[in-house]
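>>> coordinates only, sequence not included:
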């Protein structure tokens, strides 16, 4: 792989961050939460007064995030204007009604409403001003979003590094198993040739055939059952996995392709070693263990950006 001299840190698609900013007119809270996804899937949950910020928010997220199902929540609690503020009675009554109905369904006494908790609910306190946020509040919202994005990025980089370490661990085990299979293969080839020769002699019993020709045919058939190329390709792909992780950046999709190839080579090895006796069984055990490691790598890679 080409070495660009720059390493971009690997990021997980799973992340969480929360940030708050205050200004004279409001207190703004921004929450980001993400899980894995094939592409970038943005979902916004914004208060009515913050709808005008969606496009700016979308642009900031697209500039920083490439993949993942992202939930964005932004809410503002307005401060009193000129000392004048009131209770959102409609919302208050809805909360009280929901609490009463839930208590009746559960057969328990409804707990007393906590004023401090209720007043902290976004939209429960309303000011005399209507419409969107003022300029200082919008600026606070964007600053909160920037702060949340920074924390979100750090979270994803930290988790990405942990996932990469697990992938390297399992990939090294694949390499070790491939090396063991290669050692056994050198001993398995003569055994396989001998077994094929015996089978040919049984099939051609009573038929006159030159012993040298018989040995040649056995060697050709044994060569078709050789796993040397598959082992070599498995080793190459395993090295490419480590190179990809060392390069950093967006690795998830590229890893998925390499893992498909590694799984294919392991399956071919399993299909070719059924007739090599005890040595074939040892190779089968190693190939199955390699497939298990490859599957574990795939599970971890699903969470990488």
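Great, that's in hand. In this text the structure is predicted, and so the values were computed from the model without any measurement.
>>> Shouldn't residue 29 be within a strand?
Yes - Residue 29: assigned to a strand according to DSSP: H, G, I helix; E, B strand; the rest coil.
>>> so it makes contact with residue 47?
No - contact criterion CB atoms under 8 Å: residue 29 and residue 47 do not qualify, at 9.7 Å. Every residue, glycine included, has its C-beta placed from N, CA and C.
>>> Could you list the buried residues of the helix or strand containing residue 74?
Residue 74 is part of strand 68-78, with elements assigned from DSSP states H and E. Within strand 68-78, the residues that count as buried by 16 or more other CB atoms under 10 Å are 68-78.
>>> ok, now stretch 269-286?
269-270, 272-273, 276, 279-280, 282-284, 286.
>>> That stretch - what's its average pLDDT?
Mean pLDDT, stretch 269-286: 80.
>>> Residue 34: what secondary structure?
Following three-state DSSP, residue 34 is assigned to strand.
>>> in the chain, which spans are strands?
Using DSSP state E, the strands assigned to the chain run over residues 15-23, 26-35, 40-46, 68-78, 85-87, 125-127.
>>> can you redo the ones you listed as CSV with mean pLDDT and distance to residue 60?
Formatted as CSV, these follow (pLDDT from 0 to 100; distance: least, CB to CB, whole Å):
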stretch, mean pLDDT, distance to residue 60
strand 15-23, 95, 13
strand 26-35, 94, 11
strand 40-46, 94, 11
strand 68-78, 92, 10
strand 85-87, 58, 31
strand 125-127, 59, 27
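>>> Any idea which of these gets closest to residue 156?
strand 15-23 (4.3 Å; CB to CB).
>>> partners of the closest one in the sheet?
Using DSSP bridges, the strands paired with strand 15-23 in its sheet are strand 26-35 (antiparallel).
>>> Show me what counts as buried in the strand it pairs with.
Quick answer for strand 26-35 (16+ other CB under 10 Å): 26-34.
>>> In helices only, show me the buried residues of stretch 269-286.
Here DSSP state H is the test, and the buried residues of stretch 269-286 give 269-270, 272, 279-280, 282-284, 286 as lying in helices.
>>> which strands and helices sit next to the longest helix belonging to the chain?
Counting by DSSP H, the longest helix found in the chain is helix 135-203. If contacts are counted by 3 or more CB pairs under 8 Å, 6 or more residues apart in numbering; DSSP states H and E, helix 135-203 sits against strand 15-23, strand 26-35, helix 54-64, strand 68-78, helix 211-224, helix 228-247, helix 252-272, helix 277-301.
>>> With distance to residue 136 added, can I get these in TSV?
Shown next, in TSV, are the helices and strands packed on helix 135-203 (distance: least, CB to CB, whole Å):
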stretch	distance to residue 136
strand 15-23	4
strand 26-35	8
helix 54-64	16
strand 68-78	11
helix 211-224	76
helix 228-247	43
helix 252-272	40
helix 277-301	44
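>>> Go through these and name the closest to residue 170.
The closest of these to residue 170 is helix 277-301. By CB to CB, the value is 4.3 Å.
>>> ok, residues contacting the closest one?
Helix 277-301 is contacted from outside by 163, 166-167, 170-171, 173-174, 177-178, 180-181, 184-185, 187-188, 191-192, 195, 227, 234, 241, 251-252, 255-256, 259, 262-263, 266-267, 269-270, 273-274, 276, using CB atoms under 8 Å, 6 or more residues apart in numbering.
>>> try 7 Å
With contact meaning CB atoms under 7 Å, 6 or more residues apart in numbering, helix 277-301 is reached by 163, 166-167, 170-171, 173-174, 177-178, 180-181, 184, 187-188, 191, 195, 252, 255-256, 259, 262-263, 266, 269-270, 273-274.
>>> tell me how far it is from the chain's mean position?
Remark: helix 277-301 is offset 22 Å from the chain centroid, using CA atoms, centre = their mean, to the nearest Å.
>>> ok, now stretch 45-65?
24 Å.
>>> swap in stretch 33-40?
8 Å.
>>> Return the distance of residue 91 relative to residue 247.
51 Å (CB to CB, to the nearest Å).
>>> re the thing from before, would you mind putting the buried residues of strand 68-78 into TSV with distance to residue 133 alongside?
Output for the buried residues of strand 68-78, formatted as TSV (distance: CB to CB, whole Å):
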residue	distance to residue 133
68	27
69	27
70	22
71	21
72	16
73	16
74	10
75	11
76	6
77	11
78	8
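>>> Of these, which is the nearest to residue 16?
Among the buried residues of strand 68-78, residue 71 lies closest to residue 16 (CB to CB), at 9.7 Å.
>>> hang on, isn't the closest one packed against residue 43?
Yes - using CB atoms under 7 Å, residue 71 is in contact with residue 43, at 5.1 Å.
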